[in-house]
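Undergrad: Provide a 3D model corresponding to the input given below.
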Amino acid sequence: MLRSVVTAGALAAALFAAAPSRADDAARPVPPPLSLEQCVAEALAKNFTVRIQAYPIDAAKAGVVIAQSTYDPVLGVSWEGNATKSPDLAAVSPTTTAYPYVNSQTTSVSATQNIVTGGQLSAGYSVVRGVTFPVTTVFNPAYEGNISLNISQPLLQGAGTDYARAAIQIARYGQRLAELNFKSVVLTLIFNVEASYYNLIFTRQQHEVAKDTLVLAQQLLDENNIKRKTGVLTDLDVVQAEAQVATARSQLIGYRQSMENAEDVLLQAMGEREFRDGVGPVSFPALPDTAGVSFFESYKLARDNGPSLAIVQATIDEYKLDALRARRNNLPQLTLTGGGGYNTLKGTYDNAATNAVNGPGYNWQAGLALTFPWGQRSNKALYRQALDNVEAEQATLDQTDQGLMVQVRAAVRAVEANVEAVAAAGQASVLSQKQYELQKARFDAGLSTSYDVVLAQNQLENTRISELQARVNLRSSIADLRMLEGSSLEEYRVNLK
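TA: Next up, the predicted model:
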């Protein structure tokens, strides 16, 4: 490896002398190691996007309850008193006149229930206490007990259990869509955390590579200064080595900035608000078995578990219900009404209340009402709109499925290609290491120039960074494939219920 050409003491001394430093680095404690699983767990617990997206699910659940409450019975209790005195005198007897008056009090209880056939059922019970003068009834005061039952049922427009319960089903689709959108947000968040975590590893290890390059450049400069004094090398060799040190210093500063920015991006994804504590040591998790990557298996998982197709399908089902209701609304309004009741008149409240069903009074009614707009133009246009929405969303489903297939194909190819790229980059890094060591040995023997060593150093740095980038690309492509499959939820044991 690269470190084998530099002694431990020289490496430490060179880093101390050459690397940029911060006054607060020594005082700041090093946080504990941070695994990718911990990052995902903290992000799911604290990330603002996840927290915000959870509220639409609660709202959608409340929407289902609101739609279901349409079939909750509505109870009512009322009391009403009336008193009327006529200004016109009336004969009470052949020789007596008086101002007639009526005093009544009505207490009633009612219940109304919407039924799943689209109709409405209502029942009522009331007791009326009446006092009249002159007396016109057998009882004075008189207690009238009434009990009634009525029904209203549409037979064409608005009829049927599927029509009546469509609003509930649409609300459930709304909840389903909210849950699928939440799943999509969580999958995207996990991918972003993985990408941020891998990028932090990349920037930190890139920073370490730059440190090593700076050490080697400084070592070469020191050797060139010594050899110039002995007349072995020229000023040009020293200037070239000095330029390499300056370039390495500049790169180290930029890499440090990238590393600190990568820390902030990861902390942001994790839901951190204060950014006071840094990120502890991070490391690549173990690679999964990539030998069994299959397009057909991944595509099936993406169709079955991924939220993209399910979101469009739920929207199609919702639009189909809208179309069903629009088609029924094309029919005329034909409503059947019916009802009946019993009433009795007694001299006491108890008798009136307990004998209402026994009569002898009764009433009943039945009727049909037919209404329809001339031409039904509005309802027909609404129905055409609903059908267009269904067909358009069906085309969207096909388009989404096609896009998903292309994405999965590309993701599978990316995993396969990156597996090969990691092997190739690793081999290139080993060869560059050997090439540098041979070039350095030739320089020490006076067979090559300082410029040749600088070129070998640059190539070694580039191949090491390329190898590191290949390792990051492989893990990022695996994360992308898992996001499409929806399998990252299982990977990190995330339960969305």
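Undergrad: those strands in the stretch 351-497 of the chain, which residues are they?
TA: With strands called from DSSP state E, counting those that start in this stretch, the stretch 351-497 of the chain shows them at 361-371.
Undergrad: What's the separation between residue 100 and residue 141?
TA: As for residue 100, its distance to residue 141 is 15 Å (criterion: C-beta to C-beta, to the nearest Å). C-beta here means a position set from N, CA and C on the backbone, and glycine is covered the same way.
Undergrad: Repeat that for residue 483.
TA: When distances are taken as C-beta to C-beta, residue 483 and residue 141 turn out to be 79 Å apart.
Undergrad: again with residue 213
TA: Using C-beta to C-beta, residue 213 is found at 109 Å from residue 141.
Undergrad: Now that we're looking at residue 254, what pLDDT does it have?
TA: At residue 254 the predicted local confidence, pLDDT, stands at 93.
Undergrad: Number of residues surrounding it?
TA: In terms of burial, residue 254 registers 13 neighbours under the definition other C-beta atoms under 10 Å.
Undergrad: Residue 213 and residue 141: which is more packed in?
TA: For residue 213 and residue 141, the more surrounded residue by other C-beta under 10 Å is residue 213, and the numbers stand at 25 against 15.
Undergrad: so who does the more buried one touch?
TA: Counting by C-beta atoms under 8 Å, 6 or more residues apart in numbering, residue 213 makes contact with 248, 251, 457, 460-461.
Undergrad: tell me which element it is part of?
TA: Element membership of residue 213 [criterion: DSSP states H and E] is helix 166-229.
Undergrad: Measure how far that helix is from the centre of its chain, please.
TA: Remark: helix 166-229 is offset 22 Å from the chain centroid, using C-alpha atoms, centre = their mean, to the nearest Å.
Undergrad: Using the three-state scheme, assign residue 128.
TA: Under the three-state scheme (DSSP: H, G, I helix; E, B strand; the rest coil), residue 128 adopts strand.
Undergrad: Does it touch residue 103 like I think?
TA: No - Residue 128 sits out of contact with residue 103 when judged by C-beta atoms under 8 Å, with a separation of 11.2 Å.
Undergrad: The two: which has the busier surroundings?
TA: More neighbours surround residue 128 than the other of residue 128 and residue 103, with 19 against 15 (other C-beta under 10 Å).
Undergrad: Got the confidence number for the more buried one?
TA: At residue 128 the predicted local distance difference test score is 88.
Undergrad: what helices or strands is the longest helix out of those in the chain leaning on?
TA: Counting residues, the longest helix in the chain under DSSP state H turns out to be helix 377-444. With contacts taken as 3 or more C-beta pairs under 8 Å, 6 or more residues apart in numbering; DSSP states H and E, helix 377-444 sits against helix 295-305, helix 307-328, helix 450-485.
Undergrad: angle of the first one against helix 166-229?
TA: Between the axes of helix 295-305 and helix 166-229, defined by axes from the mean of the first three to the mean of the last three C-alpha atoms, to 10 degrees, the angle is 130 degrees.
Undergrad: And the second one, by the same measure?
TA: Using the same axes, to 10 degrees, the interaxial angle of helix 307-328 with respect to helix 166-229 works out to 160 degrees.
Undergrad: just checking, what packs against helix 307-328?
TA: In this structure, helix 307-328 makes packing contacts with helix 161-164, helix 166-229, helix 295-305, helix 377-444, judged by 3+ C-beta pairs under 8 Å, 6+ apart.
Undergrad: Next: the shortest one.
TA: Under the contact definition 3+ C-beta pairs under 8 Å, 6+ apart, helix 295-305 sits against helix 307-328, helix 377-444, helix 450-485.
Undergrad: Report the residue ranges of every domain in the protein.
TA: Residue ranges for the domains of the chain, per automatic domain parsing: 2-63+168-318+388-491, 75-114+119-157+334-371.
Undergrad: deepest of the ones you listed, which one?
TA: domain 2-63+168-318+388-491 (a mean of 17; mean count of other C-beta atoms under 10 Å).
Undergrad: Could you list the residues in contact with stretch 271-284?
TA: With C-beta under 8 Å, 6+ apart, stretch 271-284 has contacts from 28, 30-36, 42-43, 45-48, 197-198, 200-201, 204, 263-264, 266-267, 471, 475.
Undergrad: Would you list the phi and psi of the residue nearest to residue 356 when sequence neighbours are not counted?
TA: Taking C-beta to C-beta, 6 or more residues apart in numbering, and ignoring the residues beside it in sequence, residue 356 has residue 145 as its nearest neighbour in space, at 3.4 Å. With angles defined as degrees, to the nearest 10, residue 145 sits at phi -100, psi 130.
Undergrad: which sections of the stretch 351-497 of the chain are below the confidence cut-off?
TA: 359 (pLDDT under 70).
Undergrad: let's see 90
TA: Within the stretch 351-497 of the chain, the set of residues satisfying pLDDT under 90 comprises 351-364, 370-380, 382-383, 436, 439-440, 442-458, 494-497.
Undergrad: The stretch 1-150 of the chain now?
TA: Residues of the stretch 1-150 of the chain that meet the criterion pLDDT under 90 lie in 1-32, 45-54, 57, 82-105, 107, 116-118, 126-146.
Undergrad: right, so of the helices and strands packed on helix 295-305, which gets closest to residue 80?
TA: helix 307-328 (39.1 Å; C-beta to C-beta).
Undergrad: Kindly export the helix or strand following the closest one (C-alpha atoms) in CSV.
TA: Toward the C-terminal end, the helix or strand that comes next after helix 307-328 (DSSP H and E) is strand 333-346. This file holds the C-alpha atoms of strand 333-346, laid out as CSV (Å, rounded to 0.1, in the frame of the first residue of the first chain):
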residue,chain,number,x,y,z
GLN,A,333,-84.8,11.3,-10.1
LEU,A,334,-87.6,8.9,-9.1
THR,A,335,-88.2,8.9,-5.4
LEU,A,336,-90.5,6.6,-3.4
THR,A,337,-91.9,8.0,-0.2
GLY,A,338,-94.0,6.3,2.4
GLY,A,339,-94.9,6.2,6.0
GLY,A,340,-97.5,5.9,8.6
GLY,A,341,-98.3,6.4,12.3
TYR,A,342,-100.7,5.9,15.1
ASN,A,343,-102.1,8.4,17.6
THR,A,344,-104.4,8.4,20.5
LEU,A,345,-106.1,11.0,22.8
LYS,A,346,-106.2,10.5,26.5
